[in-house]
Each structure stands twice: as C-alpha cells, then as structure tokens.
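Student: what shape does this take:
(one chain, ligands or ions: 1)
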Amino acid sequence: MPLATTTSSSISSYLHPRRRRNAVVAPRCEAAQREEIVIVGAGVAGLATAVSLRRLGVGATVLEQGAALRAGGTSLTLFKNGWRVLDAIGVADELRAKHLRIQGMKMRSASAAAATDVLREFSFEEEAPGQEVRAVERRALLEALASRLPPGAISFSSKLRRVAGQGGPDGATELELEDGRRIVARVVVGCDGVNSPIARWMGFSEPRYVGHMAFRGLARYDGDGAGGGQPFEAKVNYIYGRGLRAGFVPVSATRVYWFICFNRPTPGPKITDPAALKREALDLVRGWPEDLVAVMRDTPEDAVVRTPLVDRWLWPGLAPAASRGGVVLAGDAWHPMTPNLGQGACCALEDAVVLARRLAAAAGAAGSAAGASYGEAMREYERERWWRVFPLTARAGLVGALVQWGNPAVCAARDGVVIPRLVRLGPFLEHTNFDCGLLEPPATAAPLP
Ligand SMILES: Cc1cc2nc3c(=O)[nH]c(=O)nc-3n(C[C@H](O)[C@H](O)[C@H](O)COP(=O)(O)OP(=O)(O)OC[C@H]3O[C@@H](n4cnc5c(N)ncnc54)[C@H](O)[C@@H]3O)c2cc1C
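Tutor: As a prediction, this is how the structure comes out:
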C-alpha cells in the first residue's frame with residue numbers, strides 16, 4: 001500500500017500532542033513526504049521496533065521493498081532471551097501456542113563407523129533450567145508482529161534507493177525510493193538486513209564471507225510426524241562430520257526445520273533452480289543418518305534455501321558509529337553474525353526493545369531539541385548494545401570456525417573428548433540469560449489508534 005503524501009502541516013494541528021509529534025511535521029519541500037520516524041525494512045528488527053515503539057505510544061512508518069511480508073524462509077530457533085522480548089512486546093503466547101517447546105539436544109557423529117552413535121544428549125531442564133527454546137516459522141513471527149500494527153503502517157513495494165541527504169534546521173534525513181518518491185524523516189531506523197544500503201551509506205564495510213555456506217529447509221508433514229507415524233522427539237539434533245555438519249529440529253506437529261553447514265572457499269554462483277538446490281543438499285549428506293535424509297527428502301523444493309554465512313565485527317575505533325545524524329541501525333544491518341549460536345534474530349529483537357525505549361523517551365522534546373535528543377538516544381542505544389552484540393558476533397564466528405574444522409585429528413578430538421566430556425550446556429548458553437526488560441508505556445500516554 002503506497003504511503004499517502006502529507007503535504008500539509010495543518011493535519012498535525014488537530015492531533016493529540018503525543019500523536020502530533022509522531023505524525024507530521026511541516027514539509028520542507030512540496031514533493032517530499034514528511035514523517036517523524038521511518039523504519040526501513042519489515043523484517044524481524046523493523047517490525048519489532050515498530051511494535052515496541054507503538055507500545056510506548058509512538059507511531060512509525062515501515063518501508064518494505066517486498067510487495068508483502070516475506071512468506072518464504074524457514075524457521076528461526078529462538079532462545080529465552082528472544083522469548084523475553086516477545087513477551088515484552090506482547091506476541092509470545094500467540095507464537096508459543098503454534099510452536100513446540102524443545103526439551104533438549106542430541107549430538108551425533110556422521111562418521112561411517114559411528115553413523116548412529118550418540119556423542120551426547122542434553123536435557124534443558126536438567127542442565128539449563130529455565131531455558132526456553134522453540135524453532136519458530138519466520139513467516140509466523142513476521143505475521144504476529146505485523147498484526148500488532150495498524151493498517152497502513154507498513155508501506156509495501158517501497159524499496160529504498162539511497163539516503164539522499166541530511167540537514168536542515170531539524171537535521172532531518174531525506175530518503176529516495178526506487179519509484180522516485182522522496183521521504184523526509186526526523187528519525188530513520190535502518191533495519192534493512194545484511195546487505196543494508198543504509199549501513200553502506202554510513203561507511204560500514206560489506207559483511208565478510210566466513211568461508212561457510214548453509215542450506216536450510218522446512219519439511220512438511222500431515223500432523224502424525226514422520227518415521228512410521230511416530231512424532232519427532234522435541235530435541236535439536238546435531239550431526240557432525242568433517243567440515244560439514246547438519247541438524248534438524250521439530251517446529252510444530254507439521255513442520256521440521258533442518259540445516260546443513262559446509263565449507264567452501266567462495267560462495268559461488270547463485271543457484272535459482274529449486275530442484276538443483278535440493279539435490280546439492282542431499283548429495284552433501286549422502287550416507288548420513290537416515291532420519292536426517294528422510295526429513296530433507298520430505299521438504300518441498302521451494303522450501304530449500306542456500307545462504308553464504310557472513311558477519312561483521314564491530315571493532316572499537318574501527319567500525320563506524322551505529323548512528324549518523326538522525327539515522328540509526330538495528331539487527332543484521334548493524335551487526336550481521338553467523339548463525340552458530342542462533343542469536344541473530346534474538347539480538348535483532350533485543351535491539352528493537354532497547355532502541356524503542358530510547359527513542360520514545362526522546363520523542364517528548366520539541367523542535368530542534370528533539371533532534372539533539374534523538375541523537376543522544378541513538379548514542380545511548382549504541383553504548384548499551386555494543387557490549388552485547390560485538391562479543392556475540394565474535395563468539396558465533398569462533399564457534400563456527402571450530403565446528404567446521406575438517407582436520408581428522410581435530411574432528412576425532414571433538415567427537416571423542418570435547419562433546420562427550422567437556423561441553424557444559426549451562427555456561428555455553430549463558431548469553432541467553434540477557435534480559436532486555438519490559439516495555440512500560442508512560443502513565444500519561446494516550447493509546448494510539
Ligand atoms: C542460515 C541462517 C540461520 C539462522 N538461524 C537463526 C536462528 O536459528 N536464530 C536466530 O535468532 N537467528 C538466526 N539467523 C539470523 C536471522 O535470520 C537474522 O539475524 C534476522 O533475520 C535479522 O533480522 P533483520 O530484521 O535485521 O533482517 P532481515 O530479516 O533480513 O530483514 C530485512 C528486511 O529489510 C528489507 N529490505 C532490505 N533492503 C531494503 C530496501 N532497500 N528498502 C526497503 N526494504 C528493504 C528486506 O526485504 C527485509 O524484509 C540465521 C541466519 C542464517 C543466515
């Protein structure tokens with residue numbers, strides 16, 4: 001739905017003061033549409049930021065390049081830090097009702113001699129009490145978040161072409177869209193994902209390919225489970241080979257998510273033929289445990305994706321700041337990380353709550369004071385979040401490098417000593433104890449329509 005162009009500042013005159021400051025400011029130029037807060041990208045970070053702001057009584061417009069919410073995609077494993085955010089923003093119970101709670105982990109070796117050997121089994125209840133793990137369909141997560149926004153809050157088919165400039169008395173930012181529309185906003189939140197044009201404009205380097213690729217898929221069942229009608233165990237299954245690992249986890253009674261990570265010096269050409277993608281994935285795990293292979297075979301071709309794994313380490317003093325003027329980054333646009341800890345989306349959710357809290361507090365200031373106040377809010381957000389996201393990005397990268405090692409001696413040590421004897425689940429999942437807190441609307445806030 002295209003945005004209505006707001007060319008008259010008179011609209012703001014009859015709004016409640018709280019809404020007025022979030023809706024329309026006097027236009028700087030006839031053709032440009034004016035907004036207070038624009039979020040670029042209706043992915044996990046963008047939608048969660050919009051919903052969080054809204055809970056705090058602040059409106060925002062979301063620009064999404066796609067014609068609709070992303071319907072494809074597979075699933076995201078969310079840990080307890082992610083569920084805390086979903087609780088804070090009010091969508092957790094709806095998603096809990098649709099997704100299985102995972103009880104533990106099973107780690108196996110893929111080596112021919114030990115194809116069915118279980119290296120180790122963990123129970124969350126025993127070794128990480130209070131942990132909450134569910135694999136959530138990305139589509140369901142996006143839909144749940146979007147359902148908390150009013151009609152028209154997401155402007156689809158609105159692809160950002162570039163940040164056209166910044167300045168003026170209120171320090172506003174001008175955005176140019178692919179279809180030629182221009183939008184001037186006091187605050188721009190770049191949630192445009194791993195290839196973010198906004199991050200590029202801010203001087204960030206391109207994300208670094210780490211030398212590993214991932215296949216992901218979502219198998220479909222009729223509700224009785226696979227394997228002769230037996231439902232899948234509610235466990236994350238990991239299977240380790242040499243420079244190759246795979247896994248699967250039940251999502252719901254009708255969906256099982258699986259993945260493969262494999263080493264490759266360069267990502268290579270993009271494969272667009274879905275049948276070829278699925279074939280390549282199956283070829284990688286030929287001879288591996290049959291339950292994994294069966295899940296992969298039960299996956300529709302259009303539910304298989306292949307992605308190069310990338311990250312960007314926010315080295316202090318080297319990485320640009322997370323904000324520039326009234327523009328700030330969140331989620332993968334700021335800190336793409338490899339999926340080895342299952343924390344990319346969880347951190348994007350955390351960003352959303354922390355940033356929304358800071359922006360909502362700043363939204364009270366008027367005129368040019370609001371610009372200064374937003375700027376300080378963004379810097380505080382960065383100070384608060386850098387300590388969280390930089391170490392996690394680095395740790396995810398190091399874990400990936402270790403588990404993808406193909407050296408036979410290293411793999412033997414991993415299968416014979418490290419996994420069976422040394423891994424401790426509680427300390428390994430320590431990072432999921434992070435609590436971003438609640439989102440309490442100020443007592444004086446009038447509810448938004
Ligand atoms: C293989 C793999 C497995 C993963 N598994 C997990 C997991 O188990 N758990 C977990 O927590 N995380 C996981 N992640 C990470 C997770 O997918 C990301 O961290 C998360 O999707 C980031 O959300 P985001 O909103 O920042 O970006 P995205 O979800 O990529 O959303 C970006 C949005 O911006 C839009 N957009 C982009 N450019 C423009 C533009 N120019 N104009 C307008 N709109 C634009 C896009 O269309 C999209 O809707 C995994 C990642 C990979 C690669």
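Student: closest approach to the ligand from the stretch 151-300 of the chain, which residue is it?
Tutor: Residue of the stretch 151-300 of the chain nearest the ligand, by C-beta to the nearest ligand atom: residue 193 (3.0 Å). For every residue, glycine as well, the C-beta is placed using N, CA and C.
Student: which residue sits closest to that residue, ignoring its sequence neighbours?
Tutor: Once flanking residues are discounted, residue 193 sits nearest to residue 332: 4.9 Å by C-beta to C-beta, 6 or more residues apart in numbering.
Student: can you tell me how far the one you found sits from residue 310?
Tutor: Going from residue 332 to residue 310 by C-beta to C-beta, to the nearest Å gives 9 Å.
Student: compare these two (neighbour count), which wins?
Tutor: residue 332 (28 against 19; other C-beta atoms under 10 Å).
Student: if we can go back for a sec, identify the contacts common to residue 332 and residue 310.
Tutor: With contacts taken as C-beta atoms under 8 Å, 6 or more residues apart in numbering, residue 332 and residue 310 have residue 194 as neighbours in common.
Student: what's the residue nearest to residue 193 sitting at in phi/psi?
Tutor: Dihedral pair for residue 332: phi -60, psi -30, per degrees, to the nearest 10.
Student: please confirm that residue 256 is located within a helix.
Tutor: No: assignment of residue 256 by DSSP: H, G, I helix; E, B strand; the rest coil gives strand, placing it outside any helix.
Student: and it, how far is that from residue 95?
Tutor: To residue 95, residue 256 is 17 Å away according to C-beta to C-beta.
Student: and those two? which has more neighbours close in?
Tutor: Of the pair residue 256 and residue 95, residue 256 is the one with more neighbours under other C-beta under 10 Å, namely 26 against 19.
Student: helix, strand, or coil at the residue lying closest to the more buried one once chain neighbours are set aside?
Tutor: Nearest residue to residue 256, sequence neighbours excluded (C-beta to C-beta, 6+ apart): residue 219, at 4.4 Å. For residue 219, the assignment made with three-state DSSP gives strand.
Student: what does residue 71 give?
Tutor: Using three-state DSSP, the three-state assignment for residue 71 comes out as coil.
Student: so what touches stretch 97-106?
Tutor: For stretch 97-106, the surrounding residues in contact (C-beta under 8 Å, 6+ apart) are 77, 118, 120-125, 132-137, 140, 233-238, 249-253, 425.
Student: need the buried ones from these selected in PyMOL.
Tutor: Only the buried entries of these go into this PyMOL selection, using 16 or more other C-beta atoms under 10 Å:
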select buried, resi 77+120+122+124+132+133+134+135+136+137+140+233+235+236+237+238+249+250+251+252+425
